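S.K.: Whatever this is, show me its structure:
(one chain, ligands or ions: 1)
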Amino acid sequence: MSQDFDLFQVPESHELLRSTVRSLAEKEIAPHAAAVDEEARFPQEAFDALAANDLHAVHVAEEYGGVGADALATVIVIEEVARVCGSSSLIPAVNKLGSMPVILSGSEELKRRYLGALARNEGMFSYCLSEPEAGSDAASMKTRAVRDGDHWVLNGAKCWITNAGVSEFYTVMAVTDPEKRSRGISAFVVEKSDPGVSFGPKERKLGIKGSPTRTVNLDNVRIPADRIIGAEGTGFGTAMRTLDHTRVTIAAQAIGIAQGALDHAVDYVRQRHQFGRPIADFQGVQFMLADMGMKLEAARQLTYAAAARSERGDADLTGFGAAAKCFASDAAMEITTDAVQLLGGYGYTRDFPLERMMRDAKITQIYEGTNQIQRIVLSRQLLK
Ligand SMILES: Cc1cc2nc3c(=O)[nH]c(=O)nc-3n(C[C@H](O)[C@H](O)[C@H](O)COP(=O)(O)OP(=O)(O)OC[C@H]3O[C@@H](n4cnc5c(N)ncnc54)[C@H](O)[C@@H]3O)c2cc1C
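M.R.: The predicted model follows:
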């Protein structure tokens, strides 16, 4: 599929997908976005609409019962959902994040069991890497997994876990050999129903309030040995390779939020009159719109170029994924801030969606590695 698209031409099939998701998002997701944010509640309406249309985990391959969307199609789905609701876009995005370790390194048995369950909508997937003392320096994690006969026993706490408590399945990175630092980390599938799994309270966040973020506590969680993802000691590598692919989906979330803000701003400046004419007539406003559109399109092109690399598994995906996530999230922060500005005082109120979009955009500069970390990843590649 990836060979079908080049950097500047999105195939017709993908544009068709975009218009389908856009009309679904406008009809079924947008009307609830403000309430989801205001009440900081899970976007159940969005979840139901996405699941009913097989859009909750589009990346799962057909051989495991999924719809087999390629990386660009997955980006387009996330982008179009984020355009109306940033929180809801984390349903398809985090289902990919959580299940990617299984896709990249899991045994055939794990793939059949868990990707099948995800595709059939028997549960969502979350990704557990971060810990209270191990954020950017994720390899310094303390969560332990100890082999005991035919089982692994996990103890520790994973924090900031998106969709924790709602998801049924969790990929958990844990130390299996403390002497070896990143090479002593392994990945596991943990289920919500495994005895010893519990969740902390919801974090009280600035944005993406509809997406629950909680600590996942692991207290003597005993899981069958075959729930390890790949060989012992390969978990950190799998976790990093996962992020190479999924940073592209965060870039998609960023451009979706930015597109939503730009669309609202364009509508508004056409209608709002000051000094006897629409404010869209003023060159100061036009130049702002031009800069917003320019940054957005540059971010989109870089994101689609990274998606093509994700689909092909190119060697330069690491740099492209980091660049796309970093550039698109910085652009989204600037575009949403300018969109608030273009609405004047109204932009600053909760009667319009712009302030929500600005708050939601901020997280894209922080998670899946902060933008400082993305710049480290990129500069390492350049200096290699
Ligand atoms: C809403 C939300 C959802 C999240 N979802 C998940 C999830 O589902 N799964 C998961 O595992 N994690 C998740 N995270 C965690 C997220 O990935 C981390 O917050 C992020 O990686 C940063 O780690 P930290 O918060 O510990 O910040 P720190 O690492 O403490 O960083 C603090 C500051 O120092 C800077 N800094 C750190 N090291 C360097 C350096 N070497 N050079 C320059 N600057 C540096 C950082 O850029 C940042 O500005 C989520 C976080 C949030 C807020």
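
S.K.: Going by C-alpha atoms from here, please, whenever you check contacts or count neighbours.
M.R.: Will do.

S.K.: my guess is residue 59 contacts residue 65, does it?
M.R.: No. Using CA atoms under 8 Å as the test, residue 59 is too far from residue 65 to be in contact (10.7 Å).

S.K.: Neighbour count for those two, which is higher?
M.R.: With other CA atoms under 10 Å as the criterion, residue 59 and residue 65 differ in neighbour count, and residue 59 comes out ahead with 25 against 15.

S.K.: How about that one: what's its closest non-neighbour residue?
M.R.: In space, not counting the residues next to it along the chain, residue 59 is nearest to residue 69; the distance is 5.0 Å by CA to CA, 6 or more residues apart in numbering.

S.K.: try residue 189
M.R.: residue 171 (4.7 Å).

S.K.: Help me confirm that residue 114 is found in a strand?
M.R.: No. With DSSP: H, G, I helix; E, B strand; the rest coil as the criterion, residue 114 is helix rather than part of a strand.

S.K.: tally of neighbours for it?
M.R.: Other residues lying near residue 114 total 22 when counted by other CA under 10 Å.

S.K.: biggest helix in this protein, by residue count?
M.R.: Here the longest helix in the chain is taken by residue count, with DSSP state H as the criterion, and it is helix 235-271.

S.K.: Quick check: next helix or strand after it?
M.R.: The first helix or strand that comes after helix 235-271 along the chain, using DSSP states H and E, is strand 273-274.

S.K.: May I have the strands that pair with that following strand, each with its orientation?
M.R.: Note on strand 273-274: by DSSP bridges, its sheet partners are strand 277-278 (antiparallel).

S.K.: Look at residue 257 and report its pLDDT.
M.R.: According to the per-residue confidence, residue 257 scores 98 in pLDDT.

S.K.: try residue 12
M.R.: Predicted confidence (pLDDT) for residue 12: 89.

S.K.: quick one, phi psi at it?
M.R.: phi -60, psi -40 (degrees, to the nearest 10).

S.K.: what's the distance between residue 242 and residue 12?
M.R.: With distances defined as CA to CA, to the nearest Å, the gap from residue 242 to residue 12 amounts to 28 Å.

S.K.: Between those two, tell me which one has more neighbours.
M.R.: For residue 242 against residue 12, the residue with the higher neighbour count under other CA under 10 Å is residue 242, and the figures read 23 against 10.

S.K.: In contact with the more buried one, which residues?
M.R.: By CA atoms under 8 Å, 6 or more residues apart in numbering, the contact set of residue 242 is 97, 100, 101, 104.

S.K.: Within reach of the ligand, which of these are there?
M.R.: Near the ligand, taking CA under 6 Å from any ligand atom as the test, no member of the contacts of residue 242 is found.

S.K.: Narrow these to just the buried residues.
M.R.: Of all the contacts of residue 242 considered here, the ones buried according to neighbour count by 16 or more other CA atoms under 10 Å are 97, 100, 101.

S.K.: Out of the residues you listed, which sit inside helices?
M.R.: Using DSSP H, the members of the buried ones among the contacts of residue 242 that fall in helices are 97, 100, 101.

S.K.: and which of those is nearest to the ligand?
M.R.: Nearest to the ligand among those, counting by CA to the nearest ligand atom, is residue 97 at 8.0 Å.

S.K.: residues in contact with the closest residue to residue 369 other than its chain neighbours?
M.R.: Counting by CA to CA, 6+ apart, the nearest residue to residue 369 once its immediate chain neighbours are dropped is residue 136, at 6.4 Å. Residues touching residue 136, when contacts are defined by CA under 8 Å, 6+ apart, comprise 369, 370, 373.

S.K.: do the same with residue 19
M.R.: When contacts are taken as CA under 8 Å, 6+ apart, residue 19 is in contact with no other residue.

S.K.: pLDDT below threshold where in the stretch 51-200 of the chain?
M.R.: In the predicted model of the stretch 51-200 of the chain, no residue satisfies pLDDT under 70.

S.K.: quick one on the thing from earlier: is there a quick ChimeraX command that grabs whichever of the contacts of residue 136 are buried?
M.R.: To isolate the buried ones among the contacts of residue 136 in ChimeraX, judged by 16+ other CA under 10 Å, type:
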select :369,370,373
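
S.K.: just the contacts of residue 136 that are near the ligand?
M.R.: The subset of the contacts of residue 136 within reach of the ligand, by CA under 6 Å from any ligand atom, is 369, 370, 373.

S.K.: In helices only, show me the residues you listed.
M.R.: Counting by DSSP H, those place residue 373 in helices.

S.K.: Just give me the neighbour total for residue 132.
M.R.: Other residues within reach of residue 132 by the criterion other CA under 10 Å amount to 12.

S.K.: Let me know whether it touches residue 143 as I believe.
M.R.: No. Counting by CA under 8 Å, residue 143 is not a contact partner of residue 132; they are 10.7 Å apart.

S.K.: Now do the shared contacts for the two.
M.R.: Listed contacts common to residue 132 and residue 143 are 157, 158; contacts here mean CA under 8 Å, 6+ apart.

S.K.: Report all helices and strands that the helix or strand where residue 318 lies contacts.
M.R.: Per DSSP H and E: residue 318 is located in helix 317-342. On a contact count with 3 or more CA pairs under 8 Å, 6 or more residues apart in numbering; DSSP states H and E, helix 317-342 meets helix 235-271, helix 283-312, helix 344-347, helix 354-363, helix 371-383.

S.K.: again, only using 7 Å
M.R.: For helix 317-342, the elements it packs on are helix 235-271, helix 283-312, helix 354-363, helix 371-383, judged by 3 or more CA pairs under 7 Å, 6 or more residues apart in numbering; DSSP states H and E.

S.K.: Between helix 235-271 and that helix, find me the angle.
M.R.: Orientation note: helix 317-342 sits at an angle of 30 degrees relative to helix 235-271 (axes from the mean of the first three to the mean of the last three CA atoms, to 10 degrees).
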